[in-house]
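Chemist: fold the following for me, if possible:
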Amino acid sequence: MSSTELPGVRANPEPSSQVGAVRVADGEQLRTVRLSGLELNVRVRPPEREGLPPALFVHGLGGSSQNWSDLMARLADTVDGEALDLPGFGWSPPPADRDYSLTALARVVIRHLDAAGRGPVHLFGNSLGGAVSTRVAAVRPDLVSTLTLVSPALPELRVQKSAVPTALLALPGVAGMVGRLTRELSAEQRTRGVMGLCYGDPGRVTPQGFRDAVEEMERRMALPYFWDALTRSSRGIVDAYTLGGQHGLWRQAQRVLAPTLLIYGARDQLVSYRMARKAAAAFRGSRLLCLPEAGHVAMMEYPEVVGAAFREMLSDTGVGAGATDRNAGNDAGNDAGNDAGNDNNNDDGRG
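Modeler: All right, here's what the predicted structure looks like:
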């Protein structure tokens with residue numbers, strides 16, 4: 001049993017009673033996973049055939065599992081995909097301890113994988129989810145077959161001006177002030193603002209896609225914990241940026257053993273494009289895909305390109321071909337996983 005799991009705690013998948021209030025794409029399913037002090041919404045894309053290796057997708061700040069729907073559909077012939085709603089986002093309620101630190105979110109992913117017995121997985125992360133996935137891959141290499149990071153939120157010395165407002169949410173009182181100043185904005189106006197910030201070309205969003213996003217924005221803004229989750233998660237990113245030593249994200253990137261695919265957009269207004277080469281140097285043996293027209297969410301803007309790059313990595317590395325490899329990976333990763341669990345326990349929880 002992993003040191004991050006609690007005795008007697010197991011995932012309890014069951015159909016979600018909240019399906020009617022959340023959008024589910026054709027071919028997707030939702031289920032609720034309950035762990036001690038935690039309830040997670042999991043979006044499932046059943047594979048086109050049995051025996052395909054498992055994959056887990058982790059969204060970014062303010063996002064949800066829906067951010068991965070297009071890519072999961074395109075990879076249904078390659079992986080058995082699941083996407084989490086992190087605590088306090090999407091359809092997952094806040095964690096009982098209100099801990100949104102990077103360490104806490106990484107432990108959520110680890111606890112889910114340990115309880116479900118799905119590891120090792122092909123792990124995907126975007127933005128905040130990219131930082132979370134980096135930490136998971138570093139401290140629990142036995143759980144990760146490959147790592148795909150789309151605009152990962154790794155520490156930058158010079159943050160882009162357009163990303164400053166997000167960072168300021170970490171300061172006490174700022175979220176409340178922003179909420180008051182933007183109270184009169186409609187869900188449509190808010191959605192246009194978010195898309196303008198996250199997409200390289202918001203014009204790529206279909207009319208139906210925009211209507212769906214507005215509907216989701218209305219739902220989110222009605223949640224009593226919306227600003228608290230956003231504020232505490234922003235604070236978690238800022239805190240993680242200040243960590244040094246073995247818990248620093250760049251140091252942990254150097255410890256990742258899994259084949260890694262890095263994807264950056266030249267029009268990204270939140271994670272600087274100039275960080276791409278630093279990341280490529282930090283993740284050993286990684287491959288780098290730079291998309292000149294993409295913004296912060298390349299998996300939503302260019303899912304076909306991201307999917308093709310992932311398949312190419314699998315073809316070149318031969319990693320994670322199926323259930324046999326998965327079991328072998330579990331056996332091989334036991335010692336590393338035990339060491340990583342000790343690392344997790346020693347973390348001070350700030351990041």
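Chemist: so Ala282 touches Gly248, yeah?
Modeler: No: applying Cβ atoms under 8 Å as the test, Ala282 and Gly248 come out as separate, 10.7 Å apart. From N, CA and C alone the C-beta is placed, and that goes for glycine too.
Chemist: ramachandran coordinates for Thr260?
Modeler: For Thr260, the backbone dihedrals (degrees, to the nearest 10) come out as phi -130, psi 130.
Chemist: show the pLDDT at it.
Modeler: Per-residue pLDDT puts Thr260 at 98.
Chemist: helices of the stretch 201-350 of the chain, start to end?
Modeler: According to DSSP state H, counting those that start in this stretch, the stretch 201-350 of the chain carries its helices in the segments 207-221, 226-242, 249-255, 275-282, 298-301, 303-317, 323-332, 334-346.
Chemist: mean neighbour count, those helices: which tops it?
Modeler: helix 298-301 (a mean of 26; mean count of other Cβ atoms under 10 Å).
Chemist: helices or strands up against it?
Modeler: Identification of packing neighbours for helix 298-301 by 3 or more Cβ pairs under 8 Å, 6 or more residues apart in numbering; DSSP states H and E yields helix 69-74, strand 260-265, helix 303-317.
Chemist: kindly recompute the last result at 10 Å.
Modeler: helix 69-74, strand 121-126, strand 144-150, helix 187-198, strand 260-265, strand 287-291, helix 303-317 (3 or more Cβ pairs under 10 Å, 6 or more residues apart in numbering; DSSP states H and E).
Chemist: got these as CSV, with distance to Glu82 columns?
Modeler: Shown next, in CSV, are the helices and strands packed on helix 298-301 (distance: least, Cβ to Cβ, whole Å):
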stretch, distance to Glu82
helix 69-74, 8
strand 121-126, 8
strand 144-150, 14
helix 187-198, 23
strand 260-265, 19
strand 287-291, 23
helix 303-317, 16
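Chemist: mean pLDDT for those: which is lowest?
Modeler: Among the helices and strands packed on helix 298-301, helix 187-198 scores lowest, with a mean of 92.
Chemist: chain center to it, what's the gap?
Modeler: For helix 187-198, the separation from the chain centroid amounts to 20 Å (computed by Cα atoms, centre = their mean, to the nearest Å).
Chemist: next, the angle strand 121-126 makes with that helix.
Modeler: Here the directions of helix 187-198 and strand 121-126 differ by 110 degrees (axes from the mean of the first three to the mean of the last three Cα atoms, to 10 degrees).
Chemist: can you list the buried residues in helix 187-198?
Modeler: Within helix 187-198, the residues that count as buried by 16 or more other Cβ atoms under 10 Å are 187, 190-192, 195, 197-198.
Chemist: next, the angle strand 260-265 makes with that helix.
Modeler: Here helix 187-198 runs at 120 degrees with respect to strand 260-265, directions being taken by the same axes, to 10 degrees.
Chemist: got the CA coordinates for helix 187-198 in PDB?
Modeler: Only the C-alpha atoms of helix 187-198 are listed here, as PDB (Å, rounded to 0.1, in the frame of the first residue of the first chain):
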ATOM      1  CA  ALA A 187     -21.400  34.800 -18.300                       C
ATOM      2  CA  GLU A 188     -20.900  35.400 -22.000                       C
ATOM      3  CA  GLN A 189     -18.600  38.400 -21.300                       C
ATOM      4  CA  ARG A 190     -16.600  36.300 -18.800                       C
ATOM      5  CA  THR A 191     -16.300  33.400 -21.300                       C
ATOM      6  CA  ARG A 192     -15.000  35.700 -24.100                       C
ATOM      7  CA  GLY A 193     -12.400  37.100 -21.700                       C
ATOM      8  CA  VAL A 194     -11.200  33.600 -20.700                       C
ATOM      9  CA  MET A 195     -11.100  32.400 -24.300                       C
ATOM     10  CA  GLY A 196      -9.200  35.500 -25.300                       C
ATOM     11  CA  LEU A 197      -6.600  34.700 -22.700                       C
ATOM     12  CA  CYS A 198      -6.300  31.000 -23.200                       C
END
